[in-house]
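K.L.:
here you go, sequence then predicted model.
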Amino acid sequence: MNHSIMSHSPILPILIPFIASMTLLMLSGRKACLQRGISALAAILLLAASAHLLLLADSGNPLTYALGDWTPPFGITLVADRLAALGVMVTSVLAAFALLYASAGFDQKGRHFHAIFQLQLVGINGAFLTGDVFNLFVFFEVMLLASYILLAHGGGLNKSRAGFAYVTLNLAGSAVFLIALGLIYGTLGTLNLADIALQLQSIPAEESALVRVAGALLITVFVLKAAVLPLSFWLPHAYAAAGPAVAALFAIMTKVGIVAVLRVQMIALDSAPATTGLVGDWLVIAALATIVFAALGILAAKSLQALVAWLVLGSAGVLLIVPSLSDSLTTAAALYYLVQSAIVGAAFFMLADLIRDARGRAGDGLFRAEKVTSISLQIGFLLLAATAAGLPPFSGFVGKLMLLSAVSQSSMAAAIWAVILVSGLLTTVALAKAGSRLFWEAPPEDEIHQEPIAQAAVRSWRQYLSTFGLIAVSMLLVIFAKPVSDFTQRTAAQLHEPSQYIDAVIPDHAAIPRMTRP
Amino acid sequence: MEAMLAIAIGLLSSCGVYLMLRARTFPVILGLTLLSYAVNLFLFASGRLVVNAPPIISSEASHYTDPIPQALVLTAIVIGFGMTAYIVTLALRGLSESGSDHVDMPEMADDINSEAAIAHQPPATNQKEQQS
């Protein structure tokens, strides 16, 4: 019994939210507490399953799970290596806190919130775990469709406006993704990532152009999801318009794109002569430009939630430096930064919502209005702002320090250092300005005798618990920085040795029947 | 036949991209649809064009066509259909909320819906008064 459950553990992070989602769909319209209970139960089970998977994946080779027991490369394979397990773990932690936050009342602003939220988790976890590129497309679509609905949850013109641009852009992205997949299948005859890596090795010279185009299109789609500069204009609008609990979960979605770039590049593209160097210097330049763009956006943001959205974009830029350097130490540092930036971004979105509630009519706009006097919100802002700006001793500082020391050997080191440090300075300035606007500056004299705030929204312990719980998690990332960074180093080492992944999926390369095609 | 298919895919995708760049929501959605048709045809061709051959094993068949692209296209069609339905709903909702079918959905100050829009977003309307 125990053994059989163990062997199914790679699929549990997909199955648990899926079953919860379907159950919740059937129970739509029932009492809120019933829906919240099922959703919470699923979140707790998911946490347990992800922790279990993390331990299993850390103990050695990648786990594989052949759906329907079709031997790879036929059928769809799930692969739980350390990277996938790490992604699933971060997602489940964020999901648990975001659900707690939403349960304070946001989930009742529209129908089916919990069902769609669980469906979003299916998509994200599936995208981390799958070992098949077409299946990756399907999970991306599940994730995106759920995110479209969650983005519109709660209504309002702002959300429709941001939603339409977001959906259109992602549909165009899906078309490019499918063209890339068609090219891959047309030239290599397979869609299994490990098998793609094997087939790429023996690609004839006259077909390498098509394969290179396919690889480039694939990377383009992933960096669209990760929001690198020419393709990043959608992110600030969409994330600034989303509801707080939704935005908190979205903080992991750009990371899915980055993980997909890393995985496809390390396992398939870089090890093959036909496609090596495809993710070259251009990506690091685009990533640096993204960081600068985000820093300017942070300075110009008119509301706290928009500011946090730009912060998320900036962290995506920092992470996208990594694929072009292709160095194990840098990847390890980036993975630590990925975890901490996702958690800090999510906590900051929640805090922005709490501040919006506390200020009543003025909302989270960064202009002089009602001061926020709550001590807990002030402390929360101080902690998160210092972490996001990368000030010691918080996790943002540890992450940036590791990243900066890891890239010091690279030829681009000077540029990377300059951009990251200057953008850190600009971020600090912007956050300090935002903090003083929100907490210290009194409204102009002539507006003090305005009508009193109609009614500050009711705040619930759930919102505080989830916000400060996430802040506590980011503190834990500092206290346990050593074990976490050891783990990310093992993850990066595994990622930089693609043969481990390939051998785990297809143990016997030579025995696969091959058919030549016209 | 290859040339015909290639021309069809090229024509569909260029029309799709052109329409996607329009400023009204309806042409944009039409453009997305045309683009997804082009992509579906392209996916179909990735298994090579074979005429009059079954995709599954049969005793009479002398040769077969590749079944995988057909399965992929089916998946892509279903997903594309769902997405199109959703974006149509979203565009209609934007139209009813802003009174305009422009893709940027501008706010209309003297529209009957503007009160509802303000109720949803107090900071944006408040901001202009207080920032000066």
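P.N.:
Here it is on my side, so go on. Numbering: from 1, shown residues only, chains lettered A, B, ... in the order given.
K.L.:
what mean pLDDT does the strand or helix carrying A:Phe293 get?
P.N.:
Secondary structure from DSSP states H and E places A:Phe293 in helix A:281-300. In this model, helix A:281-300 has a mean pLDDT of 91.
K.L.:
buried ones in that helix, by neighbour count?
P.N.:
A:283-284, A:286-295, A:297-298 (16 or more other C-beta atoms under 10 Å in any protein chain shown). The way it works is simple: take the backbone N, C-alpha and C, and place the C-beta from them, glycine included.
K.L.:
stretch B:65-85 too?
P.N.:
Quick answer for stretch B:65-85 (16+ other C-beta under 10 Å): B:Thr65, B:Asp66, B:Ile68, B:Pro69, B:Leu72, B:Val73, B:Thr75, B:Ala76, B:Ile79, B:Gly80, B:Met83, B:Thr84.
K.L.:
do stretch A:489-503 as well
P.N.:
Buried positions in stretch A:489-503, judged by neighbour count with 16+ other C-beta under 10 Å: A:Gln489, A:Thr491, A:Ala492, A:Gln494, A:Leu495, A:His496, A:Pro498, A:Gln500, A:Tyr501, A:Ile502.
K.L.:
and the fifth one, what does it touch?
P.N.:
Each residue near A:Leu495 by C-beta atoms under 8 Å, 6 or more residues apart in numbering or on different chains is listed here: A:Asp81, A:Arg82, A:Leu83, A:Leu262, A:Arg263, A:Met266, A:Ile267, A:Ser328, A:Thr331.
K.L.:
let's have these in CSV, adding secondary structure, neighbour count and distance to chain B.
P.N.:
As requested, the contacts of A:Leu495 are exported to CSV (DSSP: H, G, I helix; E, B strand; the rest coil; neighbours: other C-beta atoms under 10 Å in any protein chain shown; distance: C-beta to the nearest C-beta, whole Å):
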residue, secondary structure, neighbour count, distance to chain B
A:Asp81, coil, 25, 25
A:Arg82, helix, 22, 29
A:Leu83, helix, 24, 26
A:Leu262, helix, 25, 25
A:Arg263, helix, 25, 21
A:Met266, helix, 24, 25
A:Ile267, helix, 26, 21
A:Ser328, helix, 18, 35
A:Thr331, helix, 23, 32
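K.L.:
rewinding a little: near chain A, from the buried residues of stretch B:65-85?
P.N.:
Residues of these in contact with chain A (C-beta under 8 Å from any C-beta of the partner chain): B:Asp66, B:Ile68, B:Pro69, B:Leu72, B:Thr75, B:Ala76, B:Ile79, B:Gly80, B:Met83.
K.L.:
out of the residues you listed, which one sits closest to A:Gly360?
P.N.:
B:Met83 (38.4 Å; C-beta to C-beta).
K.L.:
now that closest one, nearest residue through space, not along the chain?
P.N.:
A:Leu171 (5.6 Å; C-beta to C-beta, 6 or more residues apart in numbering or on different chains).
K.L.:
neighbours around the one you found, how many?
P.N.:
Number of residues near A:Leu171 (other C-beta atoms under 10 Å in any protein chain shown) recorded here: 26.
K.L.:
ok but it is inside a helix, no?
P.N.:
Yes. Read with DSSP: H, G, I helix; E, B strand; the rest coil, A:Leu171 is one of the residues of a helix.
K.L.:
mind checking how far it is from A:Ala162?
P.N.:
In this view, A:Leu171 and A:Ala162 are 15 Å apart by C-beta to C-beta, to the nearest Å.
K.L.:
which parts of chain B are helices?
P.N.:
B:2-20, B:25-45, B:67-98, B:114-120, B:122-131 (DSSP state H).
K.L.:
any idea which of those is most buried?
P.N.:
Burial of the helices of chain B is given as mean neighbour count (mean count of other C-beta atoms under 10 Å in any protein chain shown); helix B:25-45 ranks first at a mean of 21.
K.L.:
and that one, C-alpha only, in CSV?
P.N.:
C-alpha atoms of helix B:25-45 as CSV (Å, rounded to 0.1, in the frame of the first residue of the first chain):
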residue,chain,number,x,y,z
THR,B,25,-12.2,44.1,-30.3
PHE,B,26,-14.2,42.2,-32.9
PRO,B,27,-11.5,42.3,-35.7
VAL,B,28,-8.9,41.3,-33.1
ILE,B,29,-10.9,38.3,-32.1
LEU,B,30,-11.4,37.4,-35.8
GLY,B,31,-7.7,37.7,-36.3
LEU,B,32,-7.0,35.4,-33.4
THR,B,33,-9.4,32.9,-34.9
LEU,B,34,-7.8,33.0,-38.3
LEU,B,35,-4.4,32.7,-36.7
SER,B,36,-5.5,29.6,-34.8
TYR,B,37,-6.8,28.1,-38.1
ALA,B,38,-3.4,28.7,-39.7
VAL,B,39,-1.7,27.1,-36.7
ASN,B,40,-4.0,24.0,-36.8
LEU,B,41,-3.3,23.5,-40.5
PHE,B,42,0.4,23.8,-39.8
LEU,B,43,0.3,21.3,-37.0
PHE,B,44,-1.6,18.9,-39.3
ALA,B,45,1.1,19.2,-41.9
